[in-house]
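**Q** Predicted model and sequence below, questions to follow.
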Amino acid sequence: MNTPAIPYPNPGVQHTRCVLALTATQACLEVFRPAADCGTALKRQLDKISRWVEACAQQTRSKKLSAGAKRDIGQRFDILGRYMITEDMPDETRFRRWAALIWAALTFIEDACNTCPVYAHVPQWRYLRQTVNTLAEKLRELEPGMDEDGTAIYEEAA
């Protein structure tokens, strides 16, 4: 019995989703990076994720974004950017927001891995997903419920 083919988005949409996932992930890491002052293991994990983001980005740089794709990504970042302003928050609220942003980044990556075979079916994406998942799961242990917050951020921004 043949299973029907999955109707993936066209390659242009896949490219846009991958660029969005990588850019969102790097932006979320930079917001979270101040927490890395508290430990070298966390800093190493963030640096490892950044290296995988860069490795994945090498593949997407060969194609330019269309004007419409730039507009769409800009709109999504306007939404995401509202969640990245954490300076005036109490420390415990700020940490929960940082953790939620990492979960949102993981969700962007999973979306790209699941719907963008033209770009995201290479080992670098698998390693990126794995390293972000490791961080996100550790943060969820420290901050239960942040996954729900992160999913809500993703749903609004995606």
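**A** Right, received. Where do you want to start? Residues are numbered from 1 along each chain as shown.

**Q** neighbours around residue 123, how many?
**A** 10 (other C-beta atoms under 10 Å). Glycine gets a C-beta too; all of them are placed from N, C-alpha and C.

**Q** Surely residue 80 touches residue 155?
**A** No - using C-beta atoms under 8 Å, residue 80 is not in contact with residue 155; the gap is 11.6 Å.

**Q** Tell me the pLDDT of the closest residue to residue 37 other than its chain neighbours.
**A** Nearest residue to residue 37, sequence neighbours excluded (C-beta to C-beta, 6 or more residues apart in numbering): residue 43, at 7.9 Å. On the pLDDT scale, residue 43 is placed at 86.

**Q** List of residues touching stretch 84-97?
**A** Applying C-beta atoms under 8 Å, 6 or more residues apart in numbering, the external contacts of stretch 84-97 come out as 27-28, 31, 35, 83, 98, 101, 142-143, 145-146, 149.

**Q** which two in those are spaced the farthest apart?
**A** For those, the farthest-apart pair by C-beta to C-beta is 27 and 145; their separation is 22.3 Å.

**Q** So those two - more neighbours on which side?
**A** Shown here are residue 27 and residue 145; by other C-beta under 10 Å, residue 27 has more neighbours (16 against 11).

**Q** List the residues that contact the more buried one.
**A** Counting by C-beta under 8 Å, 6+ apart, residue 27 touches 77, 80, 84.

**Q** quick one: contacts for the second one?
**A** I take that to be residue 80. By C-beta under 8 Å, 6+ apart, the contact set of residue 80 is 24, 27, 104, 153, 157.

**Q** State the helix or strand in which the third one lies.
**A** Taking DSSP states H and E as the definition, residue 104 sits inside helix 91-115.

**Q** The residue nearest the centre of the chain: what's it in contact with?
**A** By C-alpha atoms, centre = their mean, the chain has its centre lying nearest to residue 105, at 2.4 Å. By C-beta under 8 Å, 6+ apart, residue 105 lies in contact with 21, 24-25, 28-29, 132, 136.

**Q** swap in residue 115?
**A** Per C-beta under 8 Å, 6+ apart, neighbours of residue 115: 8-9, 14, 17.
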